[in-house]
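In: I need the structure of the sequence given here:
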Amino acid sequence: MAKNYFGLTDTGKVRDNNEDTFIADTVARNSLVLVAVIDGVGGYNGGEVAAAIAKDVIAQQLNNLEGDYIPAMIEALRLASRSIFDKKQLDKDLEGMACVVTTALVDIENNTFYYAHVGDTRLYLLRDESLVKITKDHSFVGFLEDSGRLTETAAMNHPKRNEINKALGFTTVIDTDESFIETGQSPFLPGDMLLLCSDGLTDLVDKSSITAIITQDISLQEKATQLIAAANANGGKDNVTVVLVQNNKTSHKPAAVMPAAVLKKNTNAADAEMIPNRKNTVAETQSNLKPMAQNRSNGLTILLAVLCLAFAASSVWLYLQWQKSNKPVVQPVKSVAVQDPPIRNPDEIRLQNLLNNLKRDTLNLSDTAFKQAIIISDTLHIQKSTLYIKGKGNIVLKRDSAYHGPAMGIAAQCKVIVLDNIKFDGFDTGISLFNTSLYLRNTQFTNCRLAVQKQYFLADKKFITADFPGTQIQADTVAKIIKKPNGAR
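Out: Below is the predicted model:
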């Protein structure tokens, strides 16, 4: 397989380190091209470490690929996420790290590619000089742009552009929520090109400029270099990474064959000798015909003209139908489990913003501000080390009918979370957390399959001796204690 892929990453003009990385290599005994762009989440310590972990895990898991591609890619991303979690437990300085990733397996021989995606890195398909965005941005601003509610320019300049909803290392919901990882497949025809990139490119270079660069008749390396140069010329505010893959097989486009023209009646011998390839002309065929009566000759000429016109019309019609049936269609096929991001309602957005921007360790929620149940269509992420959420009045979190994840996801770095007078209604999981200490006061769970899901991280392949502390649960005024394994309270 000729090398028809290339990747490049650059620190940019502002950052001191590069939290981006990429994969561009062949796998499965050189029968597939594996490409990925991985971006350590900005603003968190250890983004560079998280990206490196994800790169190593994905490359290793998909190196000797066999069987179904998309399930293997899903498992690779899930394992990468768990590996980032394990690293957090060993090094508290890295407990906030995470990364976003877009990866693709390209089967050039069979003109198909498969992809898996989490976050706001992107996958584009270039076909016939038209650039189509395949993946969706897992962020609120990205959703507004993808759904047409924001223009590209407005989204590029939005103050919350870099706030994401999903990443590897954020939560273990990735292991249970089938819609967490976006997947799909699409035709990859001769002449097509894939572009994978980090937001360091798309935040600074618009789609038309990207298209102008990658449609030039230059090498993939030159295209990647020019894309990064364009981002840096526009400020280089972030790390920027691009990976290109091209289906460089020759496109077979049959030439249109026009029907032979009907020669004029009474063509003389001198005219016939001037016609190229005389043996293939109608004139020679006519020269071999026996002489006919004048009236029959006129009728035959008219009949031949009508038949030729009919033949020409049918040929044109058949050619147009052939073009229509073979016209490339850019329509990525998603896996059944993947759903479009729901439109988050204003109350849900406002609550997540309060959690993100809170300066103190106490959040008071009043039913005068939230006058009705807050419909939850995606996980509310809690990142603060210590937080007391107190409801005043009737504060209800209610599951959107299409959502199956937890109402609240408490990050691993959180130490103490207190919920007071909050009601959860209809969730598969009310609260998902790790080693965090959680205190519930006057908290109610209605029709929730799991009220609280708590997970512990233990070293892989090592013998563990541990005594898990009892968990105190406050239900109205009656305290219950879960006993330790040895029977002590």
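In: low-confidence stretches in the stretch 151-300 of the chain?
Out: 251-300 (pLDDT under 70).
In: pop the domain breakdown of the protein in here.
Out: Domain segmentation of the chain under automatic domain parsing yields 5-250, 269-326, 346-481.
In: next, the nearest residue to Ile174 once chain neighbours are set aside: secondary structure please.
Out: Spatially, and ignoring its direct neighbours in sequence, Ile174 is nearest to Phe180 (4.6 Å; CB to CB, 6 or more residues apart in numbering). Backbone N, C-alpha and C define where each C-beta goes, glycine included. Put simply, Phe180 is coil when judged by DSSP: H, G, I helix; E, B strand; the rest coil.
In: report the contact partners of Phe180.
Out: Shown in contact with Phe180 (CB atoms under 8 Å, 6 or more residues apart in numbering): 118, 166, 173-174, 405.
In: just the pLDDT for Lys334.
Out: We have a pLDDT of 31 for Lys334.
In: if you average pLDDT over each of the domains of the chain, which comes out lowest?
Out: domain 269-326 (a mean of 55).
In: ranges for the helices of this protein?
Out: Here the chain has its helices, by DSSP state H, at 47-61, 69-90, 140-146, 152-156, 199-202, 207-214, 220-233, 269-273, 282-287, 294-326, 346-357.
In: could I get these as a markdown table with mean neighbour count?
Out: Putting the helices of the chain into a markdown table (neighbours: other CB atoms under 10 Å) gives the following:
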| stretch | mean neighbour count |
| --- | --- |
| helix 47-61 | 22 |
| helix 69-90 | 20 |
| helix 140-146 | 21 |
| helix 152-156 | 15 |
| helix 199-202 | 27 |
| helix 207-214 | 16 |
| helix 220-233 | 19 |
| helix 269-273 | 10 |
| helix 282-287 | 14 |
| helix 294-326 | 11 |
| helix 346-357 | 15 |
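In: among those helices, which comes closest to Asp192?
Out: Among the helices of the chain, helix 207-214 comes nearest to Asp192, with 11.5 Å by CB to CB.
In: so which elements touch the closest one?
Out: Helix 207-214 sits against strand 122-127, strand 130-133, strand 193-197, helix 220-233, with contacts defined as 3 or more CB pairs under 8 Å, 6 or more residues apart in numbering; DSSP states H and E.
In: so who does the residue nearest the centre of the chain touch?
Out: The chain has Thr135 as the residue nearest its centroid, 3.1 Å off, counting by CA atoms, centre = their mean. With contact set as CB under 8 Å, 6+ apart, Thr135 has these partners: 102, 115, 117, 121-123, 182.
In: can you rerun that using 10 Å?
Out: 102, 104, 115-124, 142, 146, 182-184, 196, 332 (CB atoms under 10 Å, 6 or more residues apart in numbering).
In: so how far is Asp199 from it?
Out: Separation of Thr135 from Asp199 (CB to CB, to the nearest Å) stands at 12 Å.
In: which neighbours do these two share?
Out: Common contacts of Thr135 and Asp199 (CB under 10 Å, 6+ apart): 119-122, 142.
In: quickly check those residues for the two that are furthest apart.
Out: Greatest spacing in these, by CB to CB: Thr121 and Gly142 (10.9 Å).
In: shared neighbours of these two, anything?
Out: 135, 199, 202.
In: ok, of those residues, which one's closest to Asp361?
Out: Nearest to Asp361 among those is Asp199, at 31.2 Å by CB to CB.
In: who are the neighbours in contact with the closest one?
Out: Counted by CB under 10 Å, 6+ apart, Asp199 has contacts 20, 37, 39, 42, 100, 119-122, 137, 139, 142, 156, 161-162, 164, 238-241.
In: same check on Ala310?
Out: With contact set as CB under 10 Å, 6+ apart, Ala310 has no partners.
In: for it, give its distance to Val418.
Out: For Ala310, the distance to Val418 - CB to CB - is 85 Å.
In: same deal with Thr225?
Out: From Thr225 across to Val418, the span is 53 Å (CB to CB).
In: contacting residues around Lys133?
Out: Each residue near Lys133 by CB under 10 Å, 6+ apart is listed here: 122-125, 145-146, 195, 202, 207, 332.
In: could you redo the last one with a cut-off of 6 Å?
Out: By CB atoms under 6 Å, 6 or more residues apart in numbering, the residues touching Lys133 are Tyr124.
In: how close does it sit to Thr301?
Out: Taking CB to CB, one finds Lys133 at 59 Å from Thr301.
In: repeat that for Ala412.
Out: Plainly put, Ala412 is 89 Å away from Thr301 if you go by CB to CB.
In: again with Leu195
Out: Leu195 is 59 Å from Thr301, by CB to CB.
In: tell me the phi and psi of the residue nearest to the centre of the chain?
Out: Dihedral pair for Thr135: phi -80, psi 160, per degrees, to the nearest 10.
In: and Gln246, which of the helices and strands packed on helix 207-214 is closest to it?
Out: Comparing these by CB to CB, strand 193-197 comes nearest, at 4.7 Å.
In: partners of the closest one in the sheet?
Out: Counting by DSSP bridges, the strands paired with strand 193-197 are strand 122-127 (antiparallel), strand 240-246 (antiparallel).
In: ok, Glu48 - contacts?
Out: Going by CB under 6 Å, 6+ apart, the list of residues near Glu48 reads 17, 19, 40.
In: quick one: which of the residues you listed has the most company?
Out: Gly40 (29 neighbours; other CB atoms under 10 Å).
In: that older thread, and the shared contacts of Thr135 and Asp199, which is closest to Val306?
Out: Nearest to Val306 out of the shared contacts of Thr135 and Asp199 is Arg122 (CB to CB; 57.4 Å).
In: give me the beta-bridge partners of the closest one?
Out: Bridge pairing for Arg122 - DSSP bridges - gives Cys197.
In: what's the neighbour count on it?
Out: Residues lying near Arg122 (other CB under 10 Å) number 22.
In: count of neighbours near Asn248?
Out: By the criterion of other CB under 10 Å, Asn248 has 14 neighbours.
In: that should have said Glu95, apologies.
Out: Residues near Glu95, counting by other CB under 10 Å, number 21.
In: can you pull the contacts of it?
Out: By CB under 6 Å, 6+ apart, the neighbours of Glu95 are 88, 412-413.
In: between those, which is nearest Asn435?
Out: Relative to Asn435, the closest of the contacts of Glu95 is Ala412; by CB to CB it sits at 6.9 Å.
In: need phi/psi at the closest one.
Out: The phi/psi pair for Ala412 (degrees, to the nearest 10) is phi -60, psi -30.
In: need the contact list for it.
Out: 88, 95, 434.
In: and if we set it to 8 Å?
Out: By CB under 8 Å, 6+ apart, the contact set of Ala412 is 85, 88-89, 95, 434-436, 457.
In: may I see those residues arranged in TSV, with distance to Gln216 as well?
Out: Formatted as TSV, the contacts of Ala412 follow (distance: CB to CB, whole Å):
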residue	distance to Gln216
Phe85	43
Lys88	43
Gln89	48
Glu95	45
Phe434	49
Asn435	53
Thr436	52
Phe457	49
